[in-house]
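>>> how would this look folded up:
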Amino acid sequence: MRIHFIAVGGSAMHNLAIALAKKGWDISGSDDMFFEPSVSRLAANGLLPEKEGWFPEKIVPGIDAIILGMHARADNPELLKAIELGLKIYSYPEYIYEYSKNKLRVVIGGSHGKTTITSMILHVLKETGKDFDYLVGAQLEGFDNMVRLSDTAPVIVIEGDEYLSSAIDRRPKFHLYHANIGVISGIAWDHINVFPTFENYVNQFSLFIETIVPSGVLIYSESDSIVADVVTNDKSNVQKIPYDLPAYYINNGITYIIAGDVEYPLQVFGEHNLLNLEAARLVCENLGIVASDFYNSIVSFKGAARRLELVARNENTSFFKDFAHAPSKLKATIAAVKLQFPIRKLLACIELHTFSSLNKEFLDQYAGTMDEADTAVVFIDKKTFEQKKMLPYGAEIVKIAFGREDILFFNDPSDLENYLSGINYDQKNLLMMSSGNFGGLDLKTLAGKIL
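Numbers count the residues shown, from 1 in each chain. Have a look, this model is predicted:
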């Protein structure tokens, strides 16, 4: 097969390109900007284009398929050339479905927890010796790539993002996979640039249930009242399986799951992760894995990259980084660290980085989300406003929105680093949360300074 990727530098796109290249297919691609880790990973697999930019001359008859990334605009010159030549064009979720339509498809949806649930399932499937394909949104320990597509695996596990598929396909990605087993982990308004009202956003999950194949399975969090309402109002012909928190306790900073007469120590923590674990267990059960095998496998799961990932620690301090950026994720992550370390103070820092989180119309959704932090810091890189062509605002707007007058606000990464480096961390934890990179702040270097 000969396949060309338009916007090959994207996270899912470059991993899909690598996966298909490993099958021996002829893969090419273009993009007008590349960042790590896609640069190194594409280069290592001989797929990094010589130059950045769009080159319609690359689009020629004989290409079997074009895979179009979300980063490419509708007027992209390579896309226009492909349309002119009548080539087959897929968004990447369309292509994943096309490739896997004869496999059993597990699709993990929800506003939060998708990556972790998917990662837990993949970890257990690997530990129990199963053959499976997958698409996940984070690099996992023990997995070379974030995408695998084989000719042999009977099952594919897919992290089902609700964001749009491409510039010419405005459907949410997770609608396109037609799950045999679907998961909804929770619903909390996100992507307001695409779903301008809460009701519109919630409706995408109702539509997702309708895309599950007839007589398929829906596994859902009954502790989330919005999810519960969506499921109650759904009339689809699917089996609906709820989940809630399992029995557990915390001792000396370690969380133990209680299953029957056996206690299993975990390497992850937080009630949100215990809910994620229950969703993963039910998926694995529906794939034929008994509970004891699941628990014996999950005890070695260390978490997905940037999901409550331990940067460094000593006897008195732990430094975590997390992908949390939406309000529900921020609140859950702070609560998890406080519950795990009840004696230590917590300094929590959130970077507002996404379009939704920076939008003043959305900002009041963060009210109360940092109340459990002993010291709350909000960072917005002043360059981000410029890049997103948004009017900047300062500390007072942020304090009002979060409902904390004592919030510390920074808009320069050097000032943030200087502040964090000057704190006494004895019996205090540091939690850094962002889907960005804090204006290029090197967290390993910061860890060296504070510990």
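
>>> which residues does the residue lying closest to S297 once chain neighbours are set aside contact?
In space, and not counting its chain neighbours, S297 is closest to E127: 3.7 Å by CB to CB, 6 or more residues apart in numbering. C-betas here are computed from N, CA, C, even on glycine. Applying CB atoms under 8 Å, 6 or more residues apart in numbering, we find E127 in contact with N296, S297, S300.

>>> from P154, how far off is E127?
18 Å (CB to CB, to the nearest Å).

>>> try T369
42 Å.

>>> neighbour count: these two, which is higher?
T369 (26 against 13; other CB atoms under 10 Å).

>>> show the model's pLDDT score for the more buried one.
T369 is assigned 96 on the pLDDT scale.

>>> got the domain boundaries for this protein?
Using automatic domain parsing, the domain parsing of the chain gives 2-87, 95-298, 309-450.

>>> which parts of the stretch 151-300 of the chain are strands?
155-159, 164-166, 169-172, 181-184, 217-221, 239-243, 248-251, 254-259, 262-265 (DSSP state E, counting those that start in this stretch).

>>> pLDDT weak spots in this protein?
Counting by pLDDT under 70, the chain shows no low-confidence range.

>>> nearest the middle, which residue of it would you pick?
By CA atoms, centre = their mean, the chain has its centre lying nearest to T115, at 4.6 Å.

>>> I'd say L266 and G253 touch.
No - here L266 does not reach G253: they are 11.2 Å apart, not a contact under CB atoms under 8 Å.

>>> quick one, which of those two is more surrounded?
Higher neighbour count among L266 and G253: L266, with 22 against 11, using other CB under 10 Å.

>>> burial measure for H191, as a count.
As a burial measure, H191 scores 19 neighbours (other CB under 10 Å).

>>> start and end of stretch 334-346, how far apart?
End-to-end distance of stretch 334-346 (CA to CA, to the nearest Å): 8 Å.

>>> again with stretch 245-257
10 Å.

>>> now swap in stretch 88-102 and tell me
20 Å.

>>> list of residues touching that stretch?
If you take CB under 8 Å, 6+ apart as the criterion, stretch 88-102 is touched by 12-13, 16, 64-70, 79, 82-83, 105, 133, 135, 149, 156, 158, 165-166, 168-169, 173-174, 176-178.

>>> just the strands of the stretch 151-300 of the chain: most buried one?
Per residue and on average, the most neighbours among the strands of the stretch 151-300 of the chain fall to strand 181-184, with a mean of 28 (mean count of other CB atoms under 10 Å).

>>> pull the distance from the strand or helix carrying the residue nearest to the centre of the chain to the chain's centre.
Taking DSSP states H and E as the criterion, T115 maps to helix 114-127. Chain-centre distance of helix 114-127: 13 Å, with CA atoms, centre = their mean, to the nearest Å.

>>> next secondary structure element downstream of that helix?
strand 132-135.

>>> which helix or strand contains the closest residue in space to L176 that isn't next to it in sequence?
Closest residue in space to L176, ignoring its immediate chain neighbours: P93 at 4.3 Å, by CB to CB, 6+ apart. Taking DSSP H and E as the definition, one finds P93 inside helix 92-100.

>>> quickly run through the sheet partners of the helix or strand that that helix is followed by, with directions.
Next helix or strand after helix 92-100 toward the C-terminus (DSSP H and E): strand 104-109. Sheet pairing here is set by DSSP bridges, and for strand 104-109 it gives strand 155-159 (parallel), strand 181-184 (parallel).

>>> before we move on, the earlier item: what about the residue nearest to L176, neighbour count?
Count around P93 with other CB under 10 Å applied: 27.

>>> and the helix holding P93, C-alpha only, in PDB?
Extracted in PDB, the C-alpha atoms of helix 92-100 (Å, rounded to 0.1, in the frame of the first residue of the first chain):
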ATOM      1  CA  TYR A  92      -7.300   9.000  10.900                       C
ATOM      2  CA  PRO A  93     -10.300   7.700  12.900                       C
ATOM      3  CA  GLU A  94     -12.000   6.800   9.600                       C
ATOM      4  CA  TYR A  95      -8.900   4.900   8.500                       C
ATOM      5  CA  ILE A  96      -8.600   3.100  11.900                       C
ATOM      6  CA  TYR A  97     -12.200   1.900  11.500                       C
ATOM      7  CA  GLU A  98     -11.600   0.800   7.900                       C
ATOM      8  CA  TYR A  99      -8.600  -1.200   9.000                       C
ATOM      9  CA  SER A 100     -10.300  -2.700  12.000                       C
END
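
>>> which neighbouring elements make contact with the longest helix belonging to the chain?
Looking across the chain with DSSP state H, the single longest helix is helix 271-286. With contacts defined as 3 or more CB pairs under 8 Å, 6 or more residues apart in numbering; DSSP states H and E, helix 271-286 has these neighbours: strand 104-109, helix 114-127, strand 181-184, strand 217-221, strand 239-243, strand 254-259, helix 291-298, helix 327-340.

>>> which residue ranges of the stretch 1-150 of the chain form helices?
For the stretch 1-150 of the chain, the helices defined by DSSP state H, counting those that start in this stretch cover 11-21, 38-44, 77-85, 92-100, 114-127.
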